[in-house]
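**Student:** Just need the structure, nothing else, for what follows:
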Amino acid sequence: QVQLVESGGGLVQPGGSLRLSCAASGSIYSFNAMGWYRQAPGKERELVAIITSGGGTNYADSVKDRFTISIDNAKITVYLQMNSLKPEDTAVYYCNADGVRLRWSSPRSAYWGQGTQVTVSS
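**Tutor:** Next comes the predicted model:
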């Protein structure tokens, strides 16, 4: 079984920074990508940033030039550096691992973390 454990959320003032981490535990043979999604109260979950195992990245327009996603493939840990935070960035942030295989012959599956709260407020 695979678990994604997130950390790094909290309360920060507008203009501040936070760094989220998500570590995958369990025996993983391979994966396609890991990413961060967020869900604000009353809104649908949305993609924030995604990074492939090869290092390709994609960002939501609202966070481009402010957020940076990175990955440590050896540790299967993904990071989200968030700078110049705005009140509208307030949400629960979820880590996702997509296309995960536990063995070379296993089907691909997706996993989610439990979420970490990010609150941007003065």
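**Student:** Relative to S122, how far out is I51?
**Tutor:** In this view, I51 and S122 are 31 Å apart by CB to CB, to the nearest Å. (C-beta placed from N, C-alpha, C; glycine too.)
**Student:** which of these two has more neighbours?
**Tutor:** I51 (22 against 8; other CB atoms under 10 Å).
**Student:** Which strands or helices does the strand or helix carrying the more buried one pack on?
**Tutor:** Element membership of I51 [criterion: DSSP states H and E] is strand 46-52. Applying 3 or more CB pairs under 8 Å, 6 or more residues apart in numbering; DSSP states H and E, one finds that strand 46-52 contacts strand 33-39, strand 57-59, strand 67-72, strand 77-82.
**Student:** Mean neighbour count added to those strands, as JSON lines?
**Tutor:** Formatted as JSON lines, the helices and strands packed on strand 46-52 follow (neighbours: other CB atoms under 10 Å):
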{"stretch": "strand 33-39", "mean neighbour count": "22"}
{"stretch": "strand 57-59", "mean neighbour count": "16"}
{"stretch": "strand 67-72", "mean neighbour count": "17"}
{"stretch": "strand 77-82", "mean neighbour count": "22"}
